[in-house]
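>>> only geometry, no sequence info:
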């Protein structure tokens, strides 16, 4: 039995006038390069998450639980009688979005607003929320065999909202479940 041969190398310049085929070739090359860098990723299914920094720790949130990432809105309207972790309502493209300081909600101080601070808009059908975090680092990909059901304690004290962790070499990436945060009884008690 012979091994399948690799597809012939296509000259990118030849695809200049065919944008769809050019994008498909670039994607094929990217996947091939990724498989060479991390050969374990090809052995199983891949998990993709959004990496973020909060209180000095690194976290992942599932890509499916994230609708979008925004800069900090220029203005928010404070909600009278709301807990301090509710920063207010922001008008985002004509829709009102509650802005929540995730660190303050967890009881680990307030999030300082810097040029790196971002709002992670949660993809939840019933509860709209934008969570203020220190920084968003982009997508991270992991092989499913890098997942562990347990996670070490965190600076932000969010262990009750963790859904395990991914481990690669000496790094640990706890997975923060945004659904668990939004559906928790503490989150429902927003009145001060």
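Nice, thanks for sending it over. All figures in this text were calculated on a predicted structure; none of them were measured in a lab.

>>> residues touching the spatially most central residue of the chain, list them.
Nearest to the geometric centre of the chain sits residue 50, at 2.2 Å (Cα atoms, centre = their mean). Residues in contact with residue 50 (Cβ atoms under 8 Å, 6 or more residues apart in numbering) are 60-63, 66, 69, 120, 136, 138-140. Where C-beta positions appear, they are placed from N, C-alpha and C, glycine not excepted.

>>> hmm, 7 Å instead?
Neighbouring residues of residue 50 by Cβ atoms under 7 Å, 6 or more residues apart in numbering: 60-61, 63, 66, 136, 139.

>>> do you know how far it is from residue 140?
Look at residue 50 and residue 140: by Cβ to Cβ, to the nearest Å, they are 8 Å apart.

>>> Just give me the neighbour total for the closest residue to residue 118 other than its chain neighbours.
Spatial nearest neighbour of residue 118, excluding adjacent residues (Cβ to Cβ, 6 or more residues apart in numbering): residue 136 at 4.4 Å. Using other Cβ atoms under 10 Å, residue 136 has 19 neighbouring residues.

>>> same question, residue 96
Neighbour tally, residue 96, other Cβ under 10 Å: 10.

>>> Could you do residue 89 as well?
19.

>>> buried residues in the helix or strand that contains it?
In this assignment (DSSP states H and E), residue 89 forms part of strand 86-92. By 16 or more other Cβ atoms under 10 Å, the buried positions in strand 86-92 come out as 86-87, 89-90, 92.

>>> so which of these comes closest to residue 44?
Of all the buried residues of strand 86-92, residue 92 has the smallest distance to residue 44: 37.0 Å, by Cβ to Cβ.

>>> For residue 78, which non-adjacent residue is spatially closest?
In space, and not counting its chain neighbours, residue 78 is closest to residue 88: 4.7 Å by Cβ to Cβ, 6+ apart.

>>> coming back round to it: sheet partners, orientation included, of the helix or strand in which the residue nearest to the centre of the chain is found?
Element membership of residue 50 [criterion: DSSP H and E] is strand 46-54. Paired strands of strand 46-54, with direction, are strand 57-62 (antiparallel), strand 135-143 (antiparallel) (DSSP bridges).

>>> neighbouring contacts of the shortest one?
So that's strand 57-62. The set of residues external to strand 57-62 that reach it, using Cβ under 7 Å, 6+ apart, is 49-52, 120, 140, 154-156, 166, 173-176, 178.
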